[in-house]
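**Q** Dropping the sequence and predicted coords here.
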Amino acid sequence: MNKYTIKFITSKKRETERLVDLFAEYRWFVENDFPIVLPKITQSIKDDLLKKQSKKKLFVLANKILKDEYDKNKYLTSKKLVEREWRKVEKDFFEIIEKFRFKVRNKYFCYISLYGPMGQFFYPDMIDVRTTKKDIKLINETIAYEIIHLLIFKKVKKLKFGYEETESIVDLFFKKTGLKNVFPSYQLQNSIKHNRKKFKSFLQ
């Protein structure tokens, strides 16, 4: 058994909470042209989501949608597929990450979702990953990406890094460490010029 691992979870309750958060942030996603996947909803509902809605109303909406759309077997199939793919790289990933001065937890939790952005992290030990057919091709990169975000969270907060600067640091892990051999097809998430000296300084 690996020293560090990720536990994959499916949960209708968590998916409901994720939808509520997604609906609450919908205007931000639209204004920032941020790609997300939504359940089947009408244009009228999308228009309403651009306005401020109460969490109670959004919770009712999410429950109504999942009552029709939630298919437990679909989530379990995705979970099995994601877990199988991740186990291929898990040991190598954590062996490389362990070399840096970060507090690595023995266990992380990953919720399987069908909506929202490709991945999200929730400090200190939880991530969500979207698992549409298209996402599965990049699932290992997505999981690794979000785990790195968890590991550097406290340091980037202390250094008061902005969004782009933080994304750039995550990119550098994939391009300037042994992770480049584990994830050779990784696509840069940020357009900022990458600086090896800056990265070494960050790791000190």
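**A** On my side now, so go ahead. Numbers count the residues shown, from 1 in each chain.
**Q** pLDDT weak spots in this protein?
**A** 1, 190-197 (pLDDT under 70).
**Q** residue closest to the middle of it?
**A** Nearest to the mean C-alpha position of the chain, counting by C-alpha atoms, centre = their mean, stands G119 at 2.1 Å.
**Q** which residues sit in contact with it?
**A** Contact partners of G119, counting by C-beta atoms under 8 Å, 6 or more residues apart in numbering, are 127-130, 142-143, 145-146. From N, CA and C alone the C-beta is placed, and that goes for glycine too.
**Q** Could you verify my assumption that I6 touches A144?
**A** No. Counting by C-beta atoms under 8 Å, I6 does not reach A144; the two are 10.1 Å apart.
**Q** Tell me which of those two has more neighbours.
**A** Neighbour tally, I6 and A144, criterion other C-beta atoms under 10 Å: the higher count belongs to A144, 25 against 21.
**Q** ok, now how distant is that one from E164?
**A** Per C-beta to C-beta, to the nearest Å, A144 is found 20 Å from E164.
**Q** Please apply the same query to D68.
**A** 39 Å.
**Q** higher neighbour count, these two?
**A** Using other C-beta under 10 Å as the criterion, D68 and E164 rank with E164 on top: 12 against 9.
**Q** residue ranges for the helices of this structure, please.
**A** Using DSSP state H, the helices of the chain run over residues 12-24, 26-31, 43-49, 55-69, 72-87, 90-97, 133-136, 139-158, 163-176, 179-182, 196-203.
**Q** Would you mind getting the angle between the first one and helix 72-87?
**A** In this case it means helix 12-24. 90 degrees (axes from the mean of the first three to the mean of the last three C-alpha atoms, to 10 degrees).
**Q** got it, and the fourth one?
**A** In terms of direction (the same axes, to 10 degrees), helix 55-69 departs from helix 72-87 by 100 degrees.
**Q** Return the distance of helix 55-69 from the chain's centre.
**A** Relative to the chain's own centre, helix 55-69 is displaced by 22 Å; criterion: C-alpha atoms, centre = their mean, to the nearest Å.
**Q** Just the CA atoms of stretch 151-166, as PDB, please.
**A** Extracted in PDB, the C-alpha atoms of stretch 151-166 (Å, rounded to 0.1, in the frame of the first residue of the first chain):
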ATOM      1  CA  LEU A 151       0.100  21.700  -1.000                       C
ATOM      2  CA  ILE A 152       1.100  25.200  -1.900                       C
ATOM      3  CA  PHE A 153      -2.100  26.900  -0.600                       C
ATOM      4  CA  LYS A 154      -0.700  28.200   2.700                       C
ATOM      5  CA  LYS A 155       2.600  29.400   1.100                       C
ATOM      6  CA  VAL A 156       1.000  31.300  -1.800                       C
ATOM      7  CA  LYS A 157      -1.500  32.900   0.700                       C
ATOM      8  CA  LYS A 158       1.400  34.000   2.900                       C
ATOM      9  CA  LEU A 159       3.200  35.500  -0.100                       C
ATOM     10  CA  LYS A 160       0.000  37.100  -1.300                       C
ATOM     11  CA  PHE A 161       0.200  35.700  -4.800                       C
ATOM     12  CA  GLY A 162      -2.600  36.500  -7.200                       C
ATOM     13  CA  TYR A 163      -4.500  34.000  -9.300                       C
ATOM     14  CA  GLU A 164      -2.100  34.100 -12.400                       C
ATOM     15  CA  GLU A 165       1.000  33.900 -10.300                       C
ATOM     16  CA  THR A 166      -0.300  30.900  -8.400                       C
END
